[in-house]
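Q: here are the coordinates; sequence isn't available:
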């Protein structure tokens, strides 16, 4: 009898150890360092979550997880969001994360976003709202009016940088996050600098987006901004090549031919005076500040240097500019011939 009891005890211990291993041991079934599990808004019920779990196949014992989650009261407390699963994570720890709402935020890095479509794509790829829903929101005048913007200049809300938000954050709240950061950026000092240049903050942003597209050389940015500011003050057309690229939605154009400057678009600054109706990109903070603090110059023209250094050469009169432009075009033609 004692032997039978001993055997039963051993069996029970083995079963307990096996159960503990199933619950507390490594339960993942994937090779990468980590995976993300998404609980969608409106689908926090047990059937929906278990369907997702069976679909992604991140865990080896989904039936065990379902029983464990029920015992731990997960289904009564589950919140939508992104839950990160490290390789080797146990079923218990994952169930605990779900029960306690330990979601993992998304880190959104925004640098140079040209269009509403690009912004919608970036948000749709990382957050729960679908990119199509985001673009419908961005292109809806009624939707963006609450941010004091229209559909052309809604992107002036974006100060490039890294943002953090929950995966299930709505489009409305994402834009509110951008707006909060934008309001912090536009300090009284920066607003005063914009006013001194004869610009509103929104206009300064649009001009800075053109400057950003013109050069990567920080030392040239204030001077390029001064050229465009002088043109604006004189009522000249900006004739900015990057606006042609935007109008044609071809940001890889290397040369702007005369035929391109006739493309009909409110963003074509060869055809229309003044600033375009919205930004052609999201300028960096450095470029925004370079635009706001652009020096007083008499420059009206600039062109890339013929040495292909990436710097620009500036001129106050057209004759000088024409010589500089011909030198650059000749160097460019020569370079293209060597590639043929």
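A: Received the coordinates, thanks. Given the structure is predicted, the values throughout are model-derived calculations rather than measurements. Numbering: from 1, shown residues only.
Q: how about the contacts made by the residue nearest to residue 125 when sequence neighbours are not counted?
A: Take residue 125 and drop its neighbours on the chain: the residue closest to it by C-beta to C-beta, 6 or more residues apart in numbering is residue 131, 7.1 Å away. For the C-beta atoms, the positions are set from N, CA and C on the backbone; glycine is no exception. Neighbour list for residue 131: 120, 121, 123, 124, 125 [criterion: C-beta atoms under 8 Å, 6 or more residues apart in numbering].
Q: surely the third one touches residue 174?
A: Yes: look at residue 123 against residue 174 with C-beta atoms under 8 Å: they come within range, at 6.1 Å.
Q: what do the two both touch?
A: Common neighbours of residue 123 and residue 174 (C-beta under 8 Å, 6+ apart) are residue 129.
Q: between the two, which is the more surrounded one?
A: Taking residue 123 and residue 174 together and counting by other C-beta atoms under 10 Å, residue 123 has the greater number of neighbours (27 against 22).
Q: and that one, what does it touch?
A: Counting by C-beta under 8 Å, 6+ apart, the residues that residue 123 touches are 108, 129, 131, 134, 171, 174.
Q: so what's the residue nearest in space to the middle of the chain bridging to?
A: Centroid check for the chain by C-alpha atoms, centre = their mean gives residue 110 as the closest residue, at 3.2 Å. Using DSSP bridges, the beta-bridge partners of residue 110 come out as residue 161.
Q: mind checking pLDDT for it?
A: You'll see residue 110 listed with a pLDDT of 93.
Q: hang on, the earlier thing: now for the contacts of residue 123: which two are most distant?
A: Farthest apart among the contacts of residue 123 by C-beta to C-beta are 108 and 131. That separation is 13.8 Å.
Q: which non-adjacent residue is nearest residue 280?
A: residue 246 (4.0 Å).
Q: helix/strand/coil for the one you found?
A: helix (DSSP: H, G, I helix; E, B strand; the rest coil).
Q: residues in contact with it?
A: 114, 115, 265, 267, 276, 280.
Q: and residue 162, by the same measure?
A: Residue 162 neighbours (C-beta under 8 Å, 6+ apart): 107, 108, 109, 110.
Q: hang on, isn't the last one packed against residue 157?
A: Yep, that's residue 110 we're talking about. No: counting by C-beta under 8 Å, residue 110 does not reach residue 157; the two are 10.5 Å apart.
Q: number of nearby residues for the closest residue to residue 31 other than its chain neighbours?
A: Excluding its sequence neighbours, the residue lying closest to residue 31 (C-beta to C-beta, 6+ apart) is residue 87, at 7.5 Å. Using other C-beta under 10 Å, the number of residues around residue 87 comes to 14.
Q: tell me the pLDDT of residue 87.
A: pLDDT, residue 87: 94.
Q: what do you get for the one 3 residues further on?
A: Residue 90 is assigned a pLDDT of 91 by the prediction.
Q: what residues are up against it?
A: 23, 24, 25, 26, 27.
Q: list the residues that contact the second one.
A: Each residue near residue 24 by C-beta under 8 Å, 6+ apart is listed here: 90, 91, 92.
Q: the domain parsing of this structure - what is it?
A: Using automatic domain parsing, the domain ranges for the chain come out as 23-100, 106-185, 195-296, 300-340.
Q: how about the strands in the stretch 201-340 of the chain?
A: According to DSSP state E, counting those that start in this stretch, the stretch 201-340 of the chain carries its strands in the segments 301-304, 312-315.
Q: need the contacts of residue 90 in a markdown table (columns: distance to residue 233 and secondary structure).
A: Compiled in a markdown table, these are given as follows (distance: C-beta to C-beta, whole Å; DSSP: H, G, I helix; E, B strand; the rest coil):
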| residue | distance to residue 233 | secondary structure |
| --- | --- | --- |
| 23 | 73 | helix |
| 24 | 72 | helix |
| 25 | 72 | coil |
| 26 | 68 | coil |
| 27 | 67 | coil |
